[in-house]
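S.K.: Sequence and computational prediction follow.
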Amino acid sequence: MSKNIIVNLLRFIALVFIQVFLLKNVTLYNLSIPYLYILFILLLPFETPNVLLFALAFIMGLTIDAFYDTPGLNAASCVLMAFVRILFISITVQKDGFDNEPEPTLSIMGFRWFFTYALVLTLFHHFFLFNLEAFSFSELQYTLSRFLLSSVFTVFLILISGLIFFRRKERK
């Protein structure tokens with residue numbers, strides 16, 4: 001259990017560092033902005049209690065908000081993403097499979113499931129984030145293009161990191 005806490009703490013720190021110091025200035029014509037920090041919420045273990053999941057999502061979002069000067073936008077988007085994560089996992093994963101599959105990683109769950117999981121959660125996060133940021137119908141086309149391009153860029157980075165850092169395991 002303590003190994004799991006240490007791994008997630010290091011993952012939290014590493015993803016905040018990467019997001020703030022590397023990806024903050026990576027944009028494609030101010031349309032596509034990668035938000036790799038959401039990988040922290042995606043990779044939390046299945047058995048994480050819902051209250052802890054919401055608290056960790058809020059803390060991650062608030063930490064990013066502190067560096068991006070966006071008061072609560074990322075925190076609200078991360079909490080929504082945590083809620084959608086709970087719904088998605090309850091629909092797609094059998095309850096008795098938690099012992100064999102402790103984390104929703106690419107290597108454990110397989111490409112198709114992980115891609116769908118990452119895509120759905122990223123779309124919810126980005127849609128909510130960019131609509132909260134714009135908060136106007138006058139920029140609807142610009143907001144939708146930012147939402148779609150940023151989602152594609154973020155999911156691409158999530159899949160690349162999954163392929164690089166996780167080794168293939170056999171499912172039982």
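M.R.: Everything's here; your move.

S.K.: so who does Ile38 touch?
M.R.: Cys78, Met81, Leu121, Thr122, His125, Thr154, Ile158 (Cβ atoms under 8 Å, 6 or more residues apart in numbering). Using the backbone N, CA and C atoms, a C-beta is placed for each residue, glycine as well.

S.K.: for Ala76, same thing?
M.R.: The contact partners of Ala76, by Cβ under 8 Å, 6+ apart, come to Gly61, Phe128, Leu132.

S.K.: PyMOL command to pick out the buried ones of the residues you listed?
M.R.: A single PyMOL command selects the buried members of the contacts of Ala76 (16 or more other Cβ atoms under 10 Å):
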select buried, resi 61+128
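
S.K.: Rebuild the contacts of Ala76 as a markdown table, extending it with distance to Ile86 and secondary structure.
M.R.: Compiled in a markdown table, the contacts of Ala76 are given as follows (distance: Cβ to Cβ, whole Å; DSSP: H, G, I helix; E, B strand; the rest coil):
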| residue | distance to Ile86 | secondary structure |
| --- | --- | --- |
| Gly61 | 16 | helix |
| Phe128 | 16 | helix |
| Leu132 | 21 | helix |
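
S.K.: how close does the spatially most central residue of the chain sit to Phe114?
M.R.: The structure's the chain has its C-alpha centroid closest to Ile38; by Cα atoms, centre = their mean the separation is 2.5 Å. The gap separating Ile38 from Phe114 is 14 Å, by Cβ to Cβ, to the nearest Å.

S.K.: Quick one: distance of the lengthiest helix in the chain to the chain centre.
M.R.: The longest helix of the chain (DSSP state H) is helix 140-165. Relative to its chain's centre, helix 140-165 lies at 11 Å (Cα atoms, centre = their mean, to the nearest Å).

S.K.: Closest one of the contacts of Ile38 to Thr105?
M.R.: Closest to Thr105 out of these is Ile158 (10.9 Å), distances taken as Cβ to Cβ.
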